[in-house]
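# Let's see this in three dimensions:
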Amino acid sequence: MTTALIVIVLFVAAILIAALFAGKEMNIERSVIIEKPLSEVFNYLKFVRNQDNFSVWNMTDPNMNKNYKGTDGEVGYIYSWDSPTNKNVGAGEQEVLSIEEGKNIQYEVRFSRPMKNVAKSGFVIDKVSENQTRVLWGFYSPAKFPMNVMKGMMEKMLGKDIEKSLDNLKSVLEK
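Below you'll find the model as predicted:
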């Protein structure tokens, strides 16, 4: 009985020590080169509803409830989602915080379910050549305990989702 208790205490202590040294933020960035002019890529990305065509998160539950407030393509536009049947999708909203024409689009993403969190996300768009554009998609979120202990796994999983979404974006725009 004493050995089991010691093992449990050591396990809990190891988790708490790992939490102390794990970072408190997740910063995930992925990019893709799209064979289209910057203006065409930027004008597509600035409309949040277009994310339905490339974001793996938007495509996870085609039956989720979606609501929109404001004018798409403008600062203040809010897209909200709620998937009562798919706990992986959950519920939340994404608000356009800023648009710098031809350069970047920044969002605040407010998750309400399955867990509450507020993150920043955004696209940075750069001209590579006349017909090539680099799109960087970043996701920046606080990583509170106990999520910070699993930060590496979460960054890898979310990074793959962003990569797949960017590949989808490339396919859509290069058709």
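# residues of stretch 160-175 that come out buried?
The neighbour-count check on stretch 160-175 (16 or more other C-beta atoms under 10 Å) flags 161-166, 168-170, 173 as buried. C-betas here are computed from N, CA, C, even on glycine.
# Nearest to residue 75, out of these: which one, please.
Among those, residue 169 lies closest to residue 75 (C-beta to C-beta), at 21.6 Å.
# how about that closest one, phi and psi?
With angles defined as degrees, to the nearest 10, residue 169 sits at phi -60, psi -50.
# Please name the residues that touch it.
By C-beta atoms under 8 Å, 6 or more residues apart in numbering, the contact list for residue 169 reads 32, 34, 45, 54, 135.
# roughly how far apart are it and residue 71?
Separation of residue 169 from residue 71 (C-beta to C-beta, to the nearest Å) stands at 22 Å.
# now swap in residue 142 and tell me
On the measure of C-beta to C-beta, residue 142 and residue 71 end up 30 Å apart.
# Between the two, which is the more surrounded one?
residue 142 (14 against 10; other C-beta atoms under 10 Å).
# The longest strand anywhere in the chain: how far from the chain's middle?
In the chain, taking DSSP state E as the definition, the longest strand is strand 117-129. Strand 117-129 sits 10 Å away from the centroid of its parent chain (C-alpha atoms, centre = their mean, to the nearest Å).
# Strand partners (parallel or antiparallel) of it?
The sheet places strand 117-129 alongside strand 104-113 (antiparallel), strand 132-142 (antiparallel), with pairing taken from DSSP bridges.
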